[in-house]
Structure formats: structure tokens, C-alpha cells
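Novice: this one's sequence-less:
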């Protein structure tokens, strides 16, 4: 009897629903390794191989590491170390199984720091192995995905079809990005469900699209650490007949995005901040992306207005810490610095608000007063500032 290669449904099953959790515009699903350990993984169109971010779990499972590799990653470290595990089985809800010939990339260290940046225990990333086997429907409104058997799937009329190309395992669509009413560009961008931003333009040698009014900030985190770049508000972005006004675009600084696992020959990416304005169907088999407006379609695009980035830490991820502060921002002028331990923001702690709700609070509206109680060098301090829209 031949061994199964790749994910498959149980016999006589042609589709399955999988509820997901959503953190910072990212889709998180449960994945079971070797039928014994279930962990949360990000569903990410931008990765070719499944990634386990903490080696301690691989060691606990006794995975068979066949070789060591070094990867160049986007971020401020030169490279990262990982191991390849073979003969792994992965399982999804609904009895969806990978067989036993699955490869798994296991990071030597938790370079991504997913749990700290998302405020929940996420320990992996999975992508092409699912998208290459099923037609994947993502319902952002009701927080579930549907995996469809490609031969049985028929697109529904409510969805609009967008031509899509899959290049080096990654999906690309054509968009028109306008810097102002006269300057713009038609581009092929990767559709990246594993990115939080709305739009990222990855062409550091050409800065002509960067808006005149921009800020420099940490724009994300990759396998190699923090990614620095510019943030600016574009005039519009158009996808087929869908058009969004004043989206916020990110522009990595040259050298910070580098050659990476998620990098192909691309001009940039569309991420979850824009994708979540639709319910989406990825069809790698007919090379189409299907879009239908979600309840978030008309939501405005906003960025953090405080100038401070915060992460969750502690064994139970129930404490907050300032990971970076933008110079001369409202938080900086109020005296907050990197490394400060936050007790409360406007009276709320992680006992009363979810981690993601703090991000929403800090981008709520210009002029909103923010009161922060924090600890530095063992002393409790209190400060306040007002949110300010910089872009």
C-alpha cells in the first residue's frame, strides 16, 4: 500500500470547515504534529514549508532532524539557523491529514517571537502545503476557513474573480497603487495572508512611490528580527473593480527585507489589513482569487498614533512591555522608553483587555488622551499624552 503524500480529506469528504482565531489581521488555526501535540499555526500564503518556531517542541516529539540549514531572513540579524525534520505527520481539524512524508522546518530559536507580538501562544506557520492541495475559502466575517476539494468546487456568483499567478509557490495579483492623483504604478504584488499590513512596496532602490509625508518606524518582524522602514498614506489602491482610498503603505529600508523564505521575485505584498476587507477564496488550480466585500470593507486605514510598540511577555503572556518608541512621538515626549514595563493603559491591563485591543486603543482617534502607568527601575510612574495622526 502506497503512503499518502500531501494533505487529504478522509474518505468521501469533499470539504471541511475550520474555525480560526484572528490576531493582528492574522489567521491562526490548530495543527497537530504526529497525532500527539496540537499547536497554533499562522495560515500564511507566503511560506513554502511549514515552520515550527520553537525547537523545544520538536525535541519533545523526538523529531528526526536530517540536516541543518542557515537562512537569510528579513530583519536586522544576518542569518538564522534551522533544522529539517522528515517523516512528520500534520493534522488539521475535520480529519485532514498530511500523511507521514511531511517535512517540517524547525527554528533553533524563536526568532519570530510570535507569541510576544500577538499576545497568544502561536508556535508555527503553515502555507503552501494547504493552498496547493485545496481551494481555500477564508471568511473573515465569521472567522472560519473552508477547505474544498478542487474537483468539487464551484465559485459562487457573489464573488468577483481576480486573475492570479502562482510563482515559486506564492500567489500574485495585479494592483494599481497611486501615490497621488497623477503618480502611480501598476504592480504585481504577492497576496500575503501571513502579513499584518495593508500594502508593502519592496523596491528600496526606487523611492519614487514613497509619499512625501512619511514616518520611519519598525514596520514588522521577520525571521531575522525587526524590519525597519517608512510608512506613508497613498492616494488609492485598486484591485480589479475594488478601490480603496488613503491606504497606508510600508516601504522597507534597503537591506532590511533581504532575501528570505517569503521573498520571491516580487514588488511587494498585500497583507491582512487589506485582505480582511473581503471574504476571500484562493484557487491555485484555476489561477484565480475570488473576492467578496466583508463587513470591514469601508473601514478606514489607521496606524498606531502613540509612537510606542508593545509586546506581551511572561509565562502566561499577561504582562506588557515597550519594545520600541519612535523618536519625538507622543509616547516619547511623555517620557516612555524602550524596556518600560506597562501596568495599565487608560486603566486597562491584560486581565481586562485582550492584547489586540490595546493596538486598537492606540490607533482610535487623534486627540484621545492616553494615560500610562509603568514601571522603570522598580519605580511606578505615570504619564499621559494625546494620540496624534502622523500620516
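Specialist: Cool, got the structure. It should be emphasised that the depicted structure is a prediction, and the values quoted were computed from it without experimental measurement. Numbering: from 1, shown residues only.
Novice: Find the residue ranges of this protein scoring beneath the pLDDT cut-off.
Specialist: 1-5, 72-78, 204-205, 222-225, 254-266 (pLDDT under 70).
Novice: Can you pull the domain assignment for it?
Specialist: 15-146, 155-293, 308-386 (automatic domain parsing).
Novice: for residue 92, what are its contacts?
Specialist: Residues in contact with residue 92, defined by Cβ atoms under 8 Å, 6 or more residues apart in numbering, are 7, 16, 18, 29, 30, 31, 32, 130, 147. The C-beta positions use only the backbone N, C-alpha and C, and glycine is treated the same way.
Novice: hmm, I was thinking of residue 387
Specialist: Neighbours of residue 387 in contact, by Cβ under 8 Å, 6+ apart: 305, 306, 330, 362, 363, 364, 365, 366, 367, 368, 370.
Novice: residue contacts, the residue lying closest to residue 275 once chain neighbours are set aside?
Specialist: Once flanking residues are discounted, residue 275 sits nearest to residue 193: 6.3 Å by Cβ to Cβ, 6 or more residues apart in numbering. Residues in contact with residue 193 (Cβ under 8 Å, 6+ apart) are 26, 27, 43, 44, 45, 46, 127, 138, 271, 272, 275.
Novice: cutoff 10 Å now
Specialist: Shown in contact with residue 193 (Cβ atoms under 10 Å, 6 or more residues apart in numbering): 25-27, 42-46, 127, 131, 136, 138, 171, 269-272, 275-276, 280, 282.
Novice: Now the residue nearest to residue 147 when sequence neighbours are not counted, what are its backbone angles?
Specialist: Nearest residue to residue 147, sequence neighbours excluded (Cβ to Cβ, 6+ apart): residue 134, at 4.1 Å. Torsion angles at residue 134 (phi, psi; degrees, to the nearest 10) stand at phi -130, psi 160.
Novice: surely residue 134 meets residue 96?
Specialist: Yes: in this structure, residue 134 is within contact of residue 96 by Cβ atoms under 10 Å, at 8.3 Å.
Novice: For those two, indicate the residue with more neighbours.
Specialist: Neighbours around residue 134 and residue 96, counted as other Cβ atoms under 10 Å, are more numerous at residue 134. The numbers are 26 against 19.
Novice: what's the distance between residue 268 and residue 196?
Specialist: 14 Å (Cβ to Cβ, to the nearest Å).
Novice: One more: residue 355?
Specialist: In terms of Cβ to Cβ, residue 355 sits 13 Å off from residue 196.
Novice: what is in contact with the two at once?
Specialist: Joint contacts of residue 355 and residue 196 (Cβ under 10 Å, 6+ apart) are 23, 24, 117, 118.
Novice: got these as TSV, with neighbour count and secondary structure columns?
Specialist: Below are the shared contacts of residue 355 and residue 196 laid out as TSV (neighbours: other Cβ atoms under 10 Å; DSSP: H, G, I helix; E, B strand; the rest coil):
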residue	neighbour count	secondary structure
23	23	strand
24	16	coil
117	21	helix
118	24	helix
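Novice: Identify the farthest-apart pair in these.
Specialist: Within the shared contacts of residue 355 and residue 196, two members stand farthest from each other by Cβ to Cβ: 23 and 117, at 8.8 Å.
Novice: Between those two, which contacts overlap?
Specialist: Counting by Cβ under 10 Å, 6+ apart, the common neighbours of residue 23 and residue 117 are 196, 355.
Novice: which element is the spatially closest residue to residue 216 that is not a sequence neighbour on?
Specialist: Nearest residue to residue 216, sequence neighbours excluded (Cβ to Cβ, 6+ apart): residue 230, at 5.9 Å. Per DSSP states H and E: residue 230 is located in strand 225-233.
Novice: Quick check: next helix or strand after that strand?
Specialist: Next element after strand 225-233 (DSSP H and E): strand 236-239.
Novice: Which strands border the next helix-or-strand element following that following strand, and is each parallel or antiparallel?
Specialist: Scanning forward in sequence from strand 236-239 by DSSP H and E, the next helix or strand is strand 242-245. As defined by DSSP bridges, the strand partners of strand 242-245 come to strand 236-239 (antiparallel).
Novice: residues in contact with residue 314?
Specialist: 116, 320, 321, 341, 350.
Novice: So which residues of the stretch 251-391 of the chain form strands?
Specialist: 268-270, 278-283, 288-293, 308-313, 319-325, 341-345, 369-376, 379-386 (DSSP state E, counting those that start in this stretch).
Novice: Direction included, what does the last one pair up with?
Specialist: Spelled out, it's strand 379-386. strand 369-376 (antiparallel).
Novice: With the first one instead?
Specialist: Taking DSSP bridges as the criterion, strand 268-270 sits next to strand 184-191 (parallel), strand 199-201 (antiparallel) in its sheet.
Novice: what residues does that strand touch?
Specialist: The list of residues contacting strand 268-270 from outside it, by Cβ under 10 Å, 6+ apart, reads 45-46, 170-173, 175, 177, 187-195, 197-203, 209, 237, 239, 247, 249-252, 257, 262-263.
Novice: if we go to 6 Å?
Specialist: Residues outside strand 268-270 that contact it (Cβ atoms under 6 Å, 6 or more residues apart in numbering): 189, 190, 191, 192, 195, 199, 200, 201, 202.
Novice: Likewise for the last one?
Specialist: Surrounding strand 379-386, the residues in contact under the criterion Cβ under 6 Å, 6+ apart are 330, 334, 335, 367, 369, 370, 371, 372, 373, 374.
Novice: try 10 Å
Specialist: 305-308, 329-336, 340-341, 343-344, 346, 366-375.
Novice: Okay, angle between that strand and strand 341-345 too, please.
Specialist: Per axes from the mean of the first three to the mean of the last three Cα atoms, to 10 degrees, the angle that strand 379-386 makes with strand 341-345 is 50 degrees.
Novice: next one: the fourth one
Specialist: Interaxial angle of strand 308-313 relative to strand 341-345 (the same axes, to 10 degrees): 110 degrees.
Novice: quick one: strands adjacent to strand 308-313?
Specialist: When DSSP bridges is applied, strand 308-313 pairs with strand 319-325 (antiparallel).
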